[in-house]
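K.L.:
Predicted coordinates and the sequence they were generated for:
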Amino acid sequence: MSEIIKKLQSILADGAVLTGEDVSGRAARIWMQQGIEAKAIVRPSSTAELAAVMRLCYENDQRLVAQGGRTGLTDSHITSRSEIVLSLERMNKVEEIDPNGRTMTVQAGVPLQIVQQQAEKLGLQFPLDLGARGSCTIGGNAATNAGGNRVIRYGMARDNILGLEVVLADGTVLTSLNKMIKNNAGYDLKHLFIGSEGTLGVITRLVLRLREAAKSQDTALVAIDEFAKVIDFLKFIDSNLGGTLSAFEVMWQEFYQEVTSKPATNKAPLEQDSPYYVLVESLGADQSVDTERFQNVLLQALQQNLLTDVVVAKSQAEINAIWAIRDSVDELRRHAPVFIFDVSLQIKYMSDYVQQVRHGLDKQWPGNRCFIFGHVGDGNLHYVIAVGDGSVQARRKVEACVYGPLEKIHGSVSAEHGIGLEKKSYLSMCRSEAEIATMRLLKKALDPKGILNVGKIFD
């Protein structure tokens, strides 16, 4: 046992430091059985303990990687055998909820779904929502600036965070648990750490902005025969719903067919012959009034030939069934090996961009399987592409097809999953030399010894 592990055991409670099979027995990645490789997993139960751990590691030049729910898809949380994992799984308390101020103060290890449920008990909501809600942690959501299903209305993670507490590389505790929406007293330091993927500090506690819970929910699935009409429909429904549009999830035909055909368990509420399917959802204040408006808007869209078909959910069970179709990304794993992408671009370029990606894939791999879906209303597309043998060489060729066309239209190789290890060689496609130089300057200032999540985002 290394000296650093002995020292960590001496300052933490029994069971707080895991080694050996207790480390390798944990899955390192979502959807994979590969175990974690690390010297140890350290599980502090408070900010003070975490600060002591980081202070000790800083003094001993020991590299650290913070981990949340390990649901990330760009390898930001992946470790080597020489590194120590900082797990915040024991820092999982909801500390305070202020119903009138509409804030919730939580520790970073609280799962997103618990945050949502605690807010709902008080007639409030925390609108950040994504498929991994049951596993991902709120600290990880902040560290990666998670997006998800409701960005079109409520914004990214950073738009729903008022304050943070962070422990810096040397163990300094930076507490800025602001509970006000308006606070222009100097630099808003929380934004340095939101989206920094654990490279500048470790988020320990957060003040979340809550909203009043919606009193109505209307959900529909529509079929559309042209992508231009998808965009026209987005503008039409958002305008006519008066700001209550909360989700606009687009599925290309291949995706919809795959997740509504056996062996998938989802039933197809609409025929499978349409090029595009859109899940639309509106959250409002009066169920009867809002439902009538929602249905009238959809009827108008049908009459204007924006839609070819529509099904409106009549119960919570039907709402859940429609959302299950959109969330059934796991069904695509049967075509493994698959490569997963998360990109962002202006809506006006989407149709041409998708055609370019398809052309590139077809040229190299005739008969490939390309599944496309995304939030679209916020410019975000997801690809699951089944080609090749899963090798690094195959991945690089697929990346060229997906990322290459983005550069000319000033798109981003990462909409909501971060950069991590997987995308750092493409960072310069999305950020200027001056921007990257400033990122490096911040990294050097806040982590001068370079012990936090080394090699992630950039070298």
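P.N.:
That came through, no problem.
K.L.:
tell me, what residue is most central in the protein?
P.N.:
When the chain is reduced to its mean C-alpha position, the closest residue under CA atoms, centre = their mean turns out to be residue 146, at 3.6 Å.
K.L.:
Nearest spatial neighbour of it, chain-adjacent residues omitted?
P.N.:
Using CB to CB, 6 or more residues apart in numbering and skipping residues adjacent in sequence, the residue nearest residue 146 is residue 157, 4.6 Å away. Quick note: C-beta positions are derived from backbone N, CA and C, even for glycine.
K.L.:
again, but for residue 170
P.N.:
Counting by CB to CB, 6+ apart, the residue nearest residue 170 is residue 58, at 4.7 Å.
K.L.:
Quick one: name whatever helix or strand follows whichever strand or helix holds the one you found.
P.N.:
Under the criterion of DSSP states H and E, residue 58 resides in helix 47-59. Under the assignment DSSP H and E, the closest C-terminal helix or strand after helix 47-59 is strand 64-67.
K.L.:
by contact count, what packs against that following strand?
P.N.:
strand 84-87, helix 138-143, strand 202-209 (3 or more CB pairs under 8 Å, 6 or more residues apart in numbering; DSSP states H and E).
K.L.:
again, only using 10 Å
P.N.:
helix 47-59, strand 84-87, helix 138-143, strand 202-209 (3 or more CB pairs under 10 Å, 6 or more residues apart in numbering; DSSP states H and E).
K.L.:
among those, which is the most enclosed?
P.N.:
Highest mean neighbour count among these (mean count of other CB atoms under 10 Å): helix 138-143, with a mean of 30.
K.L.:
In contact with residue 394, which residues?
P.N.:
Residues in contact with residue 394, defined by CB atoms under 10 Å, 6 or more residues apart in numbering, are 337, 339, 364, 365, 385, 387, 388.
K.L.:
So, low pLDDT: which residues of this protein?
P.N.:
Applying pLDDT under 70 to the predicted model, the residue ranges of the chain that meet it are 1, 32.
K.L.:
now the helices for it?
P.N.:
Applying DSSP state H to the chain gives helices spanning 3-11, 21-24, 47-59, 112-121, 138-143, 151-154, 190-193, 227-240, 253-259, 287-303, 316-327, 350-364, 392-408, 433-446.
K.L.:
what angle separates the third one from helix 3-11?
P.N.:
Put plainly, it is helix 47-59. Going by axes from the mean of the first three to the mean of the last three CA atoms, to 10 degrees, helix 47-59 is angled at 160 degrees with respect to helix 3-11.
K.L.:
Residue 435: how many residues sit nearby?
P.N.:
Burial measure for residue 435: 12 neighbouring residues, criterion other CB atoms under 10 Å.
K.L.:
I'd say it and residue 457 touch.
P.N.:
No - under the criterion of CB atoms under 10 Å, residue 435 makes no contact with residue 457, lying 11.8 Å away.
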